[in-house]
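Participant: 3D model of this:
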Amino acid sequence: MGKIISIANQKGGVGKTTTTINLGACLAELGKKVLLIDFDPQGNLTTGIGIEDNLVVTHDMYQVIINEVPMKEVVIPTATPNLFVAPAGIELAFAEIRLSQMIAREMRLKVMIKEVQDEYDFILIDCPPTLGVLTINAFTASNSILIPVQTEFYAMEGLKQLFDTIEIVRDYSNPDLRLEGVLLTMHDKRTRLNVAVAQDIQSFFNGKNICQTIISRSVRLAEAPSANQPIIEYDTKSIGAKEYRALAKELLEKQ
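Facilitator: Residues are numbered from 1 along each chain as shown. As a prediction, this is how the structure comes out:
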């Protein structure tokens, strides 16, 4: 049965989508069959992985979560071997309203994902930058949560609310949910601020649950989505490719 990991942080711009795409691609490169679920109405994962032609996307995660369209009808293979995506579009923004009127609304994704879970080694969910019903659905369906945190001022902003939400989900819908790790992103070891913030984050978590791999700020990594490619295909020898490969190996070693 595939492991389901939510990539989440309600603070925007911390590298959630970048991490979902590139961690998934690196796991696929290591021979794992991986499904990426775009659960953010902005749909950046969908376009960033190269699924942007409306003729290709006939169904998306809105139809899955609201109309119970089977996941198998939504999943699309990417250009990367072993890597698949369940796309999303702006219509997903209306799911919050629709879900508020439904019974057991926090269980919708968990129920729908079960039909394909055995077909993948890993399922990575790119969560929206909110702690609303969509994110709670993702947490309820997941085995664990990976939290990207940018090593910039205000990095810790909102983390208390995030952990409060995790505890609520554990209490009411997913008692086995655990923290996969905190991933430091957009790090520049040349600046005192970045180094100081990284130390503060590690101190806050007492050195526990912090990923050993740190993702550096990288021009090539920032460029890759514009080419609709993971970094390992856009620039396989770049520092970003090296670091996400290291993160994938670290994740596998923990299993």
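Participant: P129: what's it in contact with?
Facilitator: For P129, the contact set (Cβ atoms under 8 Å, 6 or more residues apart in numbering) comprises 9-12, 16, 40. C-beta coordinates here come from the backbone N, C-alpha and C atoms, glycine included.
Participant: would you list every one of the strands in this protein?
Facilitator: 3-7, 34-38, 76-77, 83-86, 122-126, 144-150, 178-185 (DSSP state E).
Participant: who does the fourth one pair up with?
Facilitator: Sheet pairing here is set by DSSP bridges, and for strand 83-86 it gives strand 34-38 (parallel), strand 76-77 (antiparallel).
Participant: what's the closest of those to I145?
Facilitator: In terms of Cβ to Cβ, the element of these nearest to I145 is strand 34-38, at 13.9 Å.
Participant: List the residues that contact the residue nearest to A227 when sequence neighbours are not counted.
Facilitator: Nearest non-adjacent residue to A227, counting by Cβ to Cβ, 6 or more residues apart in numbering: Y234, 5.2 Å away. Neighbouring residues of Y234 by Cβ under 8 Å, 6+ apart: 220, 223-224, 227.
Participant: Also R178?
Facilitator: Taking Cβ under 8 Å, 6+ apart, one finds 143-145 in contact with R178.
Participant: same deal with F84?
Facilitator: 33-36, 75-78, 120.
Participant: Wait, I7 touches F122, no?
Facilitator: No - proximity of I7 to F122 does not meet the contact threshold set by Cβ atoms under 8 Å, at 11.4 Å.
Participant: Neighbour count: these two, which is higher?
Facilitator: The neighbour comparison of I7 against F122 (other Cβ atoms under 10 Å) goes to I7, with 31 against 22.
Participant: related to what we said a few turns ago, just the strands of the chain: most buried one?
Facilitator: strand 34-38 (a mean of 28; mean count of other Cβ atoms under 10 Å).
Participant: Is T78 in contact with T46, as I believe?
Facilitator: No - look at T78 against T46 with Cβ under 8 Å: they stay out of range, at 10.3 Å.
Participant: anything in contact with each of the two?
Facilitator: By the contact definition Cβ under 8 Å, 6+ apart, T78 and T46 are jointly contacted by V85.
Participant: In contact with the closest residue in space to T18 that isn't next to it in sequence, which residues?
Facilitator: The shortest distance from T18 to any non-neighbouring residue, by Cβ to Cβ, 6+ apart, is to L221 (6.6 Å). Residues near L221 by Cβ under 8 Å, 6+ apart: 18, 22, 215, 231, 238-240.
Participant: let's see 7 Å
Facilitator: 18, 231, 240 (Cβ atoms under 7 Å, 6 or more residues apart in numbering).
Participant: quick revisit: as a markdown table, the contacts of F84 with distance to L92 and pLDDT would be great.
Facilitator: Formatted as a markdown table, the contacts of F84 follow (distance: Cβ to Cβ, whole Å; pLDDT from 0 to 100):
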| residue | distance to L92 | pLDDT |
| --- | --- | --- |
| K33 | 25 | 98 |
| V34 | 21 | 98 |
| L35 | 17 | 98 |
| L36 | 15 | 98 |
| V75 | 16 | 95 |
| I76 | 16 | 93 |
| P77 | 21 | 94 |
| T78 | 19 | 94 |
| Y120 | 21 | 98 |
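Participant: which residues are in contact with the lowest-mean-pLDDT helix or strand in the chain?
Facilitator: Ranked by mean pLDDT, DSSP states H and E, the helix or strand of the chain with the weakest confidence is helix 192-204, at a mean of 84. Under the criterion Cβ under 7 Å, 6+ apart, residues 149, 151-153, 155-156, 182, 184, 187-189, 210 lie in contact with helix 192-204.
Participant: Noted, bye for now.
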